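[1] Below is the sequence, then the predicted model.
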Amino acid sequence: MTLRVGVIGLGAMGAPMAAHLRARGLLAAVYNRTASRARAFAAEHGVPAAGSIAELGHRANAVLTCVSADADLLEVARELKLYLAPGTLVVDTSTVAPVTAREAAGILAPGRIDFLDAPVSGGVEGARSGALSVMVGGEAAVLERARPLLEAFAARITHMGPTGAGQATKAVNQVMVAGIAEAVCEALALSEKLGLDPERLLPTLAAGAAQSWFLEKRGATMLRNEFAVGFKLALLHKDLGIVRGIGESLGVPLPVVDKALADYGELLAAGFGEDDISGLIRLKRGELRRI
Ligand code: NAP
């Protein structure tokens, strides 16, 4: 059966993923809570903008969701349950807790709507270039049906296990993302105090053992004080709350996560929640004490 995908959530990640689905001829309609965003996408890409989740549900036999947080996914799932036909596929690419993925699957299951948790890694650059790493939880047979949808924007698709296993993998990923950001922002703040030339420093570091996605993609911009999204630090703060909850439930101390949570909490309180996570360098420079 040909997939007719409806996308819910045209944010920094959802919009470029939807554009890839459009390019593959798989996109049936888009919906965004703030309707103007859906209308702008529809005008640019020549697809219908659904005025409601009900309308989207009628146009699609598969739905891709990319919303902010746990409560948002559950809200959307409760609405989808009302409007999707049995046999419809729901693929969630948001980052939420594994237990939330299982709850969303449980909301949809009585309507015989299949659910995959399919969080992604690779940033907005990965979404734009169609080179995301997708970590999937759910039934293998459901993943096979969803594969053409995921292939539209993925460089790698990995079936990690049952529902929630994709989000468990993403939690592990976010420990690394947060730790790398702590180290890179701290190091580059130090480089400024040392008066090192970024044009020579960054390629030199990137050619050695300190190389990372974050250094490569965000090193130069953070040194120029450019923090436009990217990955909003409010979202990483949300992710780290999930990770800490998982650590607590397993009795696993996560001191790197605790430090990052405290740092991003401080930045949020200072009003920088919409900045990219590289805005952490403000704190490492001691700028917040002066603001
Ligand atoms: P974003 O730019 O803030 O977009 C969030 C989207 O979710 C918007 O379209 C928003 O609609 C929609 N939304 C939020 N709450 C909703 C609700 N209750 N009902 C319906 N729609 C709702 O965020 P993003 O960067 O695309 O991230 C989306 C998800 O992907 C998050 O879970 C994030 O952690 C994850 N993620 C992000 C990145 C990244 O680099 N940015 C990478 C991997 C994973 P409005 O336009 O109305 O606000």
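    Everything's here; your move. Residues are numbered from 1 along each chain as shown.
[2] who in this structure is up against the ligand?
    The chain has residues 9-14, 32-34, 37, 66-68, 72, 75-76, 94-95, 120-121, 123-124, 231-232, 235, 239 near the ligand, with proximity defined as CB under 6 Å from any ligand atom. C-beta coordinates here come from the backbone N, C-alpha and C atoms, glycine included.
[3] Recalculate using a threshold of 5 Å.
    9-13, 32-34, 37, 66-68, 72, 75, 94-95, 123, 231, 235 (CB under 5 Å from any ligand atom).
[4] And the buried ones among those residues, selectable in ChimeraX?
    Buried residues within these, by 16 or more other CB atoms under 10 Å, are selected in ChimeraX with:
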select :9,10,11,12,13,32,33,37,66,67,68,72,94,95,123,231,235
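[5] ok, and for the helix or strand that contains residue 177, which residues are buried?
    Taking DSSP states H and E as the definition, residue 177 sits inside helix 165-193. For helix 165-193, burial by neighbour count (16+ other CB under 10 Å) applies to 165-171, 173-175, 177-182, 184-189, 191.
[6] same deal with stretch 275-291?
    Within stretch 275-291, the residues that count as buried by 16+ other CB under 10 Å are 275-285.
[7] Now that stretch - C-alpha only, CSV.
    What follows is stretch 275-291, C-alpha atoms only, in CSV (Å, rounded to 0.1, in the frame of the first residue of the first chain):
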residue,chain,number,x,y,z
ASP,A,275,18.9,29.7,22.0
ASP,A,276,20.7,26.8,20.5
ILE,A,277,22.4,24.6,23.1
SER,A,278,25.8,26.2,22.1
GLY,A,279,24.5,29.2,24.1
LEU,A,280,26.0,27.3,27.0
ILE,A,281,29.2,29.2,26.2
ARG,A,282,27.6,32.3,27.8
LEU,A,283,27.7,30.5,31.1
LYS,A,284,31.2,29.1,30.6
ARG,A,285,32.4,32.7,29.9
GLY,A,286,30.9,33.9,33.1
GLU,A,287,28.6,36.2,31.1
LEU,A,288,25.5,35.4,33.1
ARG,A,289,26.8,37.0,36.2
ARG,A,290,27.1,40.3,34.4
ILE,A,291,23.6,40.2,32.7
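[8] so for it, what's the average pLDDT?
    For stretch 275-291, mean pLDDT rounds to 90.
[9] do stretch 228-237 as well
    Per-residue pLDDT values over stretch 228-237 give a mean of 95.
[10] Run through who's touching that stretch.
    Applying CB atoms under 8 Å, 6 or more residues apart in numbering, the external contacts of stretch 228-237 come out as 12, 68-69, 95, 123-124, 174, 177-178, 181, 218, 260-261, 264-265, 267-268, 272-280.
[11] Can you name the residue of the stretch 1-150 of the chain nearest to the ligand?
    Taking CB to the nearest ligand atom as the measure, the stretch 1-150 of the chain has residue 11 as its residue closest to the ligand, at 1.9 Å.
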